[in-house]
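> only geometry, no sequence info:
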C-alpha cells in the first residue's frame, strides 16, 4: 500500500534546546530530518542500524570508532554511510540541517527511549 507523506504534516519533536526532528518510517527503513544548532554534540553511541547521513547545510564533525580515532568532517552536499554497531559521536559546526536514513527503523527513536539525544 502506498502512503504519500508531506514533510509539512509530519510532527516535529523538540528533543532538547539544540535538536528538532521529524521522522517517517516503514517496515524496513526510516528517514529522519533533523535541525541542530551550532555547537550541538550528539554523544558517542552505537546501534544495530545501518545509517546514511546526508548534510543539507552546515558541517558535521564525526568521531568514529570506540577510541574516536577516525575524525571526518561532512559538509553540505556530502553523505556518510555508518555501518551497524560502529560507535560514533558528532559535533555541529554551524547550524545543521541533515537527513538520516536507517535500516531497520530505529526502535528507540520510535518508542521515545532515545535518552542520549534528550539531554
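Nice, thanks for sending it over. Just so we're clear, the structure is a prediction, and the values are computed from it rather than from any experiment. Numbering: from 1, shown residues only.
> so what's the residue most central in space within the chain up against?
Geometric centre of the chain, nearest residue: residue 100, 4.6 Å, by C-alpha atoms, centre = their mean. Contacts for residue 100 (C-beta atoms under 8 Å, 6 or more residues apart in numbering) come out as 31-32, 34, 51-54. Just so you know, the C-beta spots here come from the backbone N, C-alpha and C atoms, and that holds for glycine as well.
> same deal with residue 63?
With C-beta under 8 Å, 6+ apart, residue 63 has these contacts: 44, 70-71, 88-90.
> so where's the protein shaky on pLDDT?
Residues of the chain meeting the criterion pLDDT under 70: 1.
> related to what we said a few turns ago, between the contacts of residue 63, which is nearest residue 14?
residue 90 (18.6 Å; C-beta to C-beta).
> hang on, the earlier thing: quick check: closest non-adjacent residue to the residue nearest to the centre of the chain.
Distance criterion C-beta to C-beta, 6 or more residues apart in numbering; nearest residue to residue 100, sequence neighbours excluded, is residue 32 at 4.7 Å.
> hmm, the one you found is touching residue 102, no?
Yes - Residue 32 is within contact range of residue 102, at 7.5 Å (criterion: C-beta atoms under 8 Å).
> between these two, who's got more neighbours?
residue 102 (24 against 21; other C-beta atoms under 10 Å).
> who's in contact with the more buried one?
Counting by C-beta under 8 Å, 6+ apart, the residues that residue 102 touches are 29-32, 47, 49-51.
> among these, which are located in helices?
Of the contacts of residue 102, none are assigned to helices by DSSP state H.
> how many other residues sit next to residue 58?
If we define neighbours as other C-beta under 10 Å, then residue 58 has 19 of them.
> in contact with it, which residues?
36, 38, 76, 92-98.
> which strand or helix spans it?
strand 50-64 (DSSP states H and E).
> buried ones in that strand, by neighbour count?
Across strand 50-64, burial judged by 16 or more other C-beta atoms under 10 Å covers 50-51, 53-55, 58-60, 62-64.
> okay, those residues in CSV with distance to residue 9 next?
Below are those laid out as CSV (distance: C-beta to C-beta, whole Å):
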residue, distance to residue 9
50, 27
51, 25
53, 24
54, 21
55, 24
58, 25
59, 30
60, 27
62, 31
63, 35
64, 35
